[in-house]
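Visitor: Whatever this is, show me its structure:
(one chain, ligands or ions: 1)
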Amino acid sequence: MKTYAAKTISAEELAEIRCNRCGRPIEKNDFGIFDEHLSIEKIWGYHSPADGETHKLDICSDCYFGWIEEFEIPPINTKL
Ligand SMILES: [Zn+2]
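Guide: Numbering: from 1, shown residues only. Reported below is the predicted structural model:
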């Protein structure tokens, strides 16, 4: 026979995402899912301007679409 005791487990929960560009929070929808945004994690390698650094950032959709307007070559857009 097995007897189980209650055990409290602690876990981290993603509570907030803020846009690195404008500082506004990324809102959650009615299902508790964060609105669409861009997340980037870049590990810079040898001989780069940030050798050995890891940069992580989140960009809200408003900032993203404003940002890509500045691109000389737009991102490739493949619609599902
Ligand atoms: Zn933003």
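Visitor: Alongside the ion, which residues does the protein contribute?
Guide: Proximity of the chain to the ion is assessed by Cβ under 5 Å from the ion, with 19, 21-22, 60, 63 identified as the residues in range. The C-beta positions use only the backbone N, C-alpha and C, and glycine is treated the same way.
Visitor: Got a ChimeraX select line for the buried ones in the residues you listed?
Guide: Buried subset of those, written as a ChimeraX selection, criterion 16 or more other Cβ atoms under 10 Å:
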select :19,21,60,63
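Visitor: so of the residues of the chain next to the ion, which ones are in strands?
Guide: Among the residues of the chain next to the ion, the ones falling in strands (DSSP state E) are residue 60.
Visitor: Dump the residues of the chain next to the ion to CSV, plus pLDDT.
Guide: Shown next, in CSV, are these (pLDDT from 0 to 100):
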residue, pLDDT
19, 98
21, 97
22, 98
60, 98
63, 98
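Visitor: So which of the residues of the chain next to the ion is the closest to residue 52?
Guide: The nearest member of the residues of the chain next to the ion to residue 52, counting by Cβ to Cβ, is residue 21 at 24.5 Å.
Visitor: Test my guess that that closest one contacts residue 60.
Guide: Yes. Proximity of residue 21 to residue 60 meets the contact threshold set by Cβ atoms under 8 Å, at 7.4 Å.
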